[in-house]
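Peer 1: fold the following, please.
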Amino acid sequence: MKIVLLGECMVEFFQLVENVYHQNFAGDVYNTAVYLKRAAPNLDVQFFSAVGTDLVSDQLVAAVDAEKIGTSLLLRNKTARPGLYMINTDCFGERSFVYWRDSSAAKQVMQLFAAQQKQAELLTSQWFYFSGISLAILSAADREQLFVLLAKLKAAGIKLIFDPNYRPALWQNNGNDIAQCREAFIKAYQLADIALPGLDDHKVLFEANHAEDVLAQLKALGVPEILVKNGKEGVLLYADGQSQAISAVQVKKVVDTTAAGDSFNGGYLAARLQGANAVKSAEYAAALAGFVVQHTGAIVSRDNFALFSQDHPLDFAGATL
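Peer 2: Residues are numbered from 1 along each chain as shown. As a prediction, this is how the structure comes out:
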């Protein structure tokens, strides 16, 4: 089974001690792709984005390769570079970010995609994943081209997965207001087969007060499978016509909440796309997210992930959703 994930991978610097930072590569959709592939190595996971032709871009592509994620849709731009961001965390594990992404190559991914005529490659997939950040970094014209592409994929029988992951600064920097963001998210939800919203995003965008409010809105938009993430309060799941609360995994100490939602998404899809039911998939995802927030940075080391896998084996080889 093949899944394509559209998004941006950036250079990440996270603080180890005061004035000392570690370099890595990360980004919301890329983080999800990594956790998905690590948890489900039998799946064909493809990362769809754009990078430059510089040394750092070469290192980024090598990092994607090292995760055994496909790079045939990782397009090259001779005039742009990867974006960069810096993470600082407080004593409670909550993080703040500083970004340098105005000239990020990923913002031109739809133009490169059209020029290189890669549509046939997408049509061999069964699933396609994108996020609100995937939408926000594009120009208005490129975003419309993406929606045209999504409609074609949907018509071809490819199932779509959407995580809104609202970042106000990205929409403001692109000259859009909150109404345009709402419009884009509603379009995405109307196409989605699985939606992975956070309650906090909907509080800002749609004045939701509770996870049940989000569930009601997305059901009305026709989304058949929904997971409303609400931090330590857990997840409200809707699948197969039934809703159920899934508890968050309690941890001794939260070190860094970066990629908590991304790892949850990757874990959920790893289980779900291999045939686990929605409840079991959400429970596995909650365990993975709980593990990830106990470590620094968006992506835990392979050795640490191996320890998690020993305690939480996931094997649905041969099954399909």
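Peer 1: only C-alpha atoms for contact and neighbour calcs from this point on.
Peer 2: Fine.
Peer 1: what kind of secondary structure is residue 25 in?
Peer 2: The three-state label given to residue 25 by DSSP: H, G, I helix; E, B strand; the rest coil is strand.
Peer 1: which ones are touching it?
Peer 2: Residue 25 sits next to 9, 10, 11, 12, 60, 63 when contact means C-alpha atoms under 8 Å, 6 or more residues apart in numbering.
Peer 1: can you rerun that using 7 Å?
Peer 2: Each residue near residue 25 by C-alpha atoms under 7 Å, 6 or more residues apart in numbering is listed here: 9, 10, 11, 12, 60.
Peer 1: surely residue 265 meets residue 32?
Peer 2: Yes. Counting by C-alpha atoms under 7 Å, residue 265 touches residue 32, with 6.1 Å between them.
Peer 1: list the contacts for the spatially closest residue to residue 210 that is not a sequence neighbour?
Peer 2: Spatially, and ignoring its direct neighbours in sequence, residue 210 is nearest to residue 199 (7.0 Å; C-alpha to C-alpha, 6 or more residues apart in numbering). Residues counted as contacts of residue 199 (C-alpha under 7 Å, 6+ apart) are 211, 228, 229, 230.
Peer 1: which stretches of the stretch 1-150 of the chain have low pLDDT?
Peer 2: 93-95 (pLDDT under 70).
Peer 1: so where do the strands sit in it?
Peer 2: Per DSSP state E, counting those that start in this stretch, the stretch 1-150 of the chain carries strands over the ranges 2-6, 10-17, 20-26, 44-51, 74-76, 84-89, 95-100, 127-131.
Peer 1: tell me the angle the third one makes with strand 10-17.
Peer 2: Taking axes from the mean of the first three to the mean of the last three C-alpha atoms, to 10 degrees, strand 20-26 and strand 10-17 form an angle of 150 degrees between their directions.
Peer 1: partners of strand 20-26, with directions?
Peer 2: Applying DSSP bridges, strand 20-26 is found paired with strand 10-17 (antiparallel).
Peer 1: need the contact partners of the strand it pairs with.
Peer 2: Outside strand 10-17, the residues that touch it by C-alpha under 7 Å, 6+ apart are 21-27, 82-88, 297.
Peer 1: select only the buried ones of the residues you listed in PyMOL?
Peer 2: The buried subset of the contacts of strand 10-17, as determined by 16 or more other C-alpha atoms under 10 Å, is captured in PyMOL by this line:
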select buried, resi 24+25+26+27+82+83+84+85+86+87+88+297
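Peer 1: between all of the contacts of strand 10-17, which two are separated the most?
Peer 2: For the contacts of strand 10-17, the farthest-apart pair by C-alpha to C-alpha is 82 and 88; their separation is 20.1 Å.
Peer 1: tally of neighbours for residue 114?
Peer 2: For residue 114, the count of nearby residues is 11 (other C-alpha atoms under 10 Å).
Peer 1: numbering from 511 from now on, please.
Peer 2: OK, 511 is where the count begins now, so the last one is residue 624.
Peer 1: could you pull up the residues touching it?
Peer 2: Counted by C-alpha under 7 Å, 6+ apart, residue 624 has zero contacts.
Peer 1: not counting sequence-adjacent ones, nearest residue to the most centrally placed residue in the chain?
Peer 2: The residue lying closest to the centre of the chain (C-alpha atoms, centre = their mean) is residue 539, at 3.2 Å. Spatially, and ignoring its direct neighbours in sequence, residue 539 is nearest to residue 517 (5.2 Å; C-alpha to C-alpha, 6+ apart).
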